[in-house]
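Undergrad: Requesting a structural model of the entry that follows:
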Amino acid sequence: MRERLTLAFVGLTLVLLVLVGIVRGLWLSHEVREDELDTLGEHATQVAVVFDRRFEGGLPVSSLQLQDLTSTDTRLTVIHPDSPDLTATGDRFRAEAPGEPLQVTRKVGETTVVAVQSDAHVRASTQDLVTSLLAIMLVAVLLAIMVGLVIARRLAEPFASLARSAEALGRGRFDIDLPDSRIPEVVALGAALKTSAQNLEHEFQRNREYAQQASHALRTPITALRLELDELLMADDLDQETREALVRCQSGVERLQDTIGDLVEAGRSRGLLGRTTIPLRELADDVSRRWRRQLPEDCEVRMRVEGGGELTVTPGPVEQVLDSVLADVCGHGAGPVTVRMEAEEGHLRIHVTGRTQVDPPTERPDAAAGAAITRVLGGRWDGDALAGGLDILLPRR
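TA: As a prediction, the model looks like this:
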């Protein structure tokens, strides 16, 4: 997006500069030509004054006298009723020269002077001015590229941050960071992502609570029924047919109890984002690589996968819990942090150990946030990473 915005700025600048350059170049050519015509006209007027006085005084006139007043790239023609036309041509004047020659006519008294000048000087002056204009346009394009990069970066960064937040939400993370921007579209998109994250987190927690309530509501009467059947089977006055019927009922209740346990466990392990899964070993490498870039050398994070590295897990919730734990340990601990992970069929076990500081604070918000997230996910949080070790049990999905 940043590259496209920069190209848009540069393209718009080029279009404007080309239009302005064309108009400016035509205007400069016109101005130079007008200045040269004014200069040539003044020169023709002066020549007309000189020769008109000579004609009025009856003094002799000749082409040699006119030649002394003629510029090197000019042709002068003096016209008077009482004298034949006089013409003088400069050394560098070429009638067949390309371009449109400059021509002016000035009359003083009865003397008329026609001055013709090559437009070579006009073309040379215009070329110099256009070259300067092109240099200015090139500098303007370079400035537009730099300004475009800065503006494009500022405009694209909030959207890139939103994209990262949307990706994190798709991975199962609910603690998304919204960019601080005043762009209305960014604010609207950020609010929508935040609402979606809150709704997903609420739905996730509702599923966990429903699984727990269903487990309690179904297992309690089944357990009571099984105890009643066990009590009936303990009676001595039962005939063989009744005892066999009770045994069959007891077997059916046991199968029902096992089925309910399997369904509840499946409900607990089934996540809202079950399709967004990656192998545990890949998740460990990603977390280790990300934290290695953020921490100083004396606070190393050592990730170890001790089992089930090829089993897939939903990355977002695990990353969210690990980020809270590592932020707490690295913020209040000293030395390296060891994280051991092991994936089982339905759960993920994480053990975190680190060295404590001399006097760690009593309030550790990162640890509290990690424990809260673990409970929302339906997991278990036992111990302290800075006091003997922390054991975390999370569902794989």
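Undergrad: Run a quick check on residue 230 versus residue 249, I expect a contact.
TA: No - contact criterion C-beta atoms under 8 Å: residue 230 and residue 249 do not qualify, at 10.9 Å. Every residue, glycine included, has its C-beta placed from N, CA and C.
Undergrad: domains for the protein, by residue range?
TA: Listed by automatic domain parsing, the domain ranges of the chain are 2-122, 184-269, 278-395.
Undergrad: So, low pLDDT: which residues of the stretch 201-350 of the chain?
TA: For the stretch 201-350 of the chain, the stretches flagged by pLDDT under 70 are 201, 204-205, 207-219, 261-276, 296-298, 333-334.
Undergrad: the more surrounded of residue 230 and residue 249?
TA: Set side by side, residue 230 and residue 249 show more neighbours around residue 249, with 16 against 12, by other C-beta atoms under 10 Å.
Undergrad: Where does the more buried one sit, in terms of helix or strand?
TA: Assigned by DSSP states H and E, residue 249 belongs to helix 240-269.
Undergrad: three-state assignment of residue 113?
TA: Secondary structure of residue 113, reduced to three states by DSSP: H, G, I helix; E, B strand; the rest coil: strand.
Undergrad: residues touching it, list them.
TA: Listed by C-beta atoms under 8 Å, 6 or more residues apart in numbering, the contact partners of residue 113 are 44-45, 47-48, 51, 76-79, 105-107.
Undergrad: Narrow those residues to those that are buried.
TA: 44-45, 47-48, 51, 76-79, 106 (16 or more other C-beta atoms under 10 Å).
Undergrad: on contacts alone, who are the packing partners of whatever helix or strand residue 157 lives in?
TA: Using DSSP H and E, residue 157 falls within helix 120-170. In terms of contacts (3 or more C-beta pairs under 8 Å, 6 or more residues apart in numbering; DSSP states H and E), helix 120-170 is packed against helix 2-57, helix 184-233, helix 315-332.
Undergrad: Go ahead and confirm residue 249 touches residue 228.
TA: No - contact between residue 249 and residue 228 fails when scored by C-beta under 8 Å: they sit 9.8 Å apart.
Undergrad: follow-up on the earlier one: hey, which of the domains of the chain is tucked in deepest?
TA: Compared across the domains of the chain, domain 278-395 shows the largest average neighbour count, a mean of 18 (mean count of other C-beta atoms under 10 Å).
Undergrad: Quick one: list the elements packing against the helix holding residue 249.
TA: In terms of contact count using 3+ C-beta pairs under 8 Å, 6+ apart, helix 240-269 is assigned the packing partners helix 184-233.
Undergrad: Please tell me how far stretch 154-165 is from the chain's geometric centre.
TA: Computed by C-alpha atoms, centre = their mean, to the nearest Å, the chain-centroid distance of stretch 154-165 equals 5 Å.
Undergrad: Let me see the mean pLDDT of it.
TA: The average pLDDT within stretch 154-165 is 80.
Undergrad: Tell me the buried residues in it?
TA: Neighbour-count burial for stretch 154-165 flags 155-156, 158-159, 161-162, 165 (criterion: 16+ other C-beta under 10 Å).
Undergrad: CA atoms only for it, dumped as PDB, please.
TA: Extracted in PDB, the C-alpha atoms of stretch 154-165 (Å, rounded to 0.1, in the frame of the first residue of the first chain):
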ATOM      1  CA  ARG A 154       2.100   7.900   7.800                       C
ATOM      2  CA  LEU A 155      -1.100   7.000   5.900                       C
ATOM      3  CA  ALA A 156      -0.300   3.300   5.400                       C
ATOM      4  CA  GLU A 157       1.000   2.500   8.900                       C
ATOM      5  CA  PRO A 158      -2.400   2.600  10.600                       C
ATOM      6  CA  PHE A 159      -3.800   0.300   8.000                       C
ATOM      7  CA  ALA A 160      -0.800  -2.000   8.300                       C
ATOM      8  CA  SER A 161      -1.400  -2.100  12.000                       C
ATOM      9  CA  LEU A 162      -5.000  -3.000  11.500                       C
ATOM     10  CA  ALA A 163      -4.000  -5.800   9.100                       C
ATOM     11  CA  ARG A 164      -1.600  -7.200  11.800                       C
ATOM     12  CA  SER A 165      -4.400  -6.900  14.400                       C
END
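Undergrad: where's residue 283 relative to residue 311, distance?
TA: 10 Å (C-beta to C-beta, to the nearest Å).
Undergrad: Regarding the residue lying closest to residue 86 once chain neighbours are set aside, what is its secondary structure?
TA: Leaving aside its chain neighbours, residue 86 sits nearest to residue 78 (4.3 Å; criterion: C-beta to C-beta, 6 or more residues apart in numbering). With three-state DSSP as the basis, residue 78 sits in strand.
Undergrad: what's the host helix or strand of residue 373 packed up against?
TA: Residue 373 belongs to helix 365-376 when assigned by DSSP H and E. Where contact means 3+ C-beta pairs under 8 Å, 6+ apart, helix 365-376 is packed against helix 184-233, helix 315-332, strand 380-384, strand 389-395.
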